[in-house]
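> need a structure here:
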Amino acid sequence: MDERVQSQFDNAKHIVFLTGAGVSTPSGIPDYRSKKGLYTAHKNAEYYLSHTALVKEPDVFYHYVVDNLYKPEALPNVIHEKQAALTRLNRATIITQNIDGLYRKAGATRLIEFHGSLYQVYCQKCGREVGWRDYLKSSTHVGCGGRLRPDVVLYEEGLNEANVAHAVKAMSQADLVVITGTSMRVYPFAGLLDYRNPQAAVIVINQEKLNFTFEPEMIQADAADFYRDLKVSSDNTWKKDV
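Next up, the predicted model:
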């Protein structure tokens with residue numbers, strides 16, 4: 001670890017991590033657009049994950065989501081754990097596109113799940129929350145007979161306004177923005193950079209160089225290796241649970 005980069009983390013009081021699918025690939029969860037990604041393996045993946053599919057073909061939607069997205073056996077990796085540790089020290093906020101629940105398993109406290117979570121499930125008829133384990137068994141709510149769905153943002157759906165507001169506020173207060181595991185090409189998530197504190201340093205950790213309208217500090221490295229070397233104060237106040 002470069003001492004200068006380590007000192008940036010050590011001295012920052014308000015870090016914002018902007019993260020995507022690449023954070024979870026070391027945990028065995030496929031990303032979306034790589035050669036082995038979900039969209040590559042399934043040509044109609046965007047349709048299966050759309051509001052139209054949910055409404056018009058609920059059984060198709062259900063089986064696709066359960067068979068391809070849920071990985072309850074997956075465990076957080078060093079990236080989740082180091083970032084989560086910094087949130088527990090009240091020095092960082094994580095804004096993630098991921099819906100896999102691994103940051104919660106890692107004990108992250110200041111977490112904005114920009115696109116929701118697979119592990120928050122509710123009934124579309126009565127609005128009651130239902131355990132995700134029950135959803136994996138059946139898409140029908142035993143209470144009222146309504147259809148269940150995970151609380152994630154599907155194609156054709158709008159974002160949670162509270163999540164957007166919290167994310168914008170975090171970006172405006174950051175003194176260090178760290179981009180990990182995302183190409184920052186998907187909007188409106190990528191648009192969060194427009195709200196960053198202009199005085200904040202921006203570090204990008206990615207194996208391939210990313211292009212922006214400004215010049216961030218680009219660290220071309222494997223993210224897991226980078227975070228394995230990053231020193232964070234010890235913090236054992238969490239348990240791995242969902």
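
> how about the helices in this structure?
Counting by DSSP state H, the chain has helices at residues 3-11, 38-41, 45-48, 51-56, 58-68, 78-88, 102-105, 132-137, 161-173, 223-229.

> among those helices, which gets the worst mean confidence?
When the helices of the chain are ranked by mean pLDDT, helix 38-41 comes last with a mean of 56.

> Relative to Tyr155, which of the helices of the chain is closest?
Tyr155 lies closest to helix 45-48 among the helices of the chain, at 5.7 Å (Cβ to Cβ). To be clear about C-beta, it is placed using only N, CA and C from the backbone, and glycine gets the same treatment.

> Can you give me the buried ones in the closest one?
Applying a neighbour-count criterion of 16 or more other Cβ atoms under 10 Å, one finds 45, 48 buried in helix 45-48.

> Name the residue closest to the centre of this structure, please.
By Cα atoms, centre = their mean, the chain has its centre lying nearest to Asn98, at 2.5 Å.

> Would you reformat the helices of the chain as a markdown table and include distance to Asn211?
Listed next are the helices of the chain as a markdown table, based on distance: least, Cβ to Cβ, whole Å:
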| stretch | distance to Asn211 |
| --- | --- |
| helix 3-11 | 21 |
| helix 38-41 | 22 |
| helix 45-48 | 24 |
| helix 51-56 | 32 |
| helix 58-68 | 31 |
| helix 78-88 | 23 |
| helix 102-105 | 27 |
| helix 132-137 | 38 |
| helix 161-173 | 20 |
| helix 223-229 | 18 |
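
> what's the closest of those helices to Phe212?
Closest among the helices of the chain, once you apply Cβ to Cβ, is helix 161-173, at 14.5 Å.

> in the closest one, what counts as buried?
So helix 161-173, judged by 16+ other Cβ under 10 Å, has buried residues 163-164, 166-168, 170-171.

> which residues are contacting it?
14, 16, 93, 95, 112-114, 177, 188, 192-193, 195-197 (Cβ atoms under 8 Å, 6 or more residues apart in numbering).
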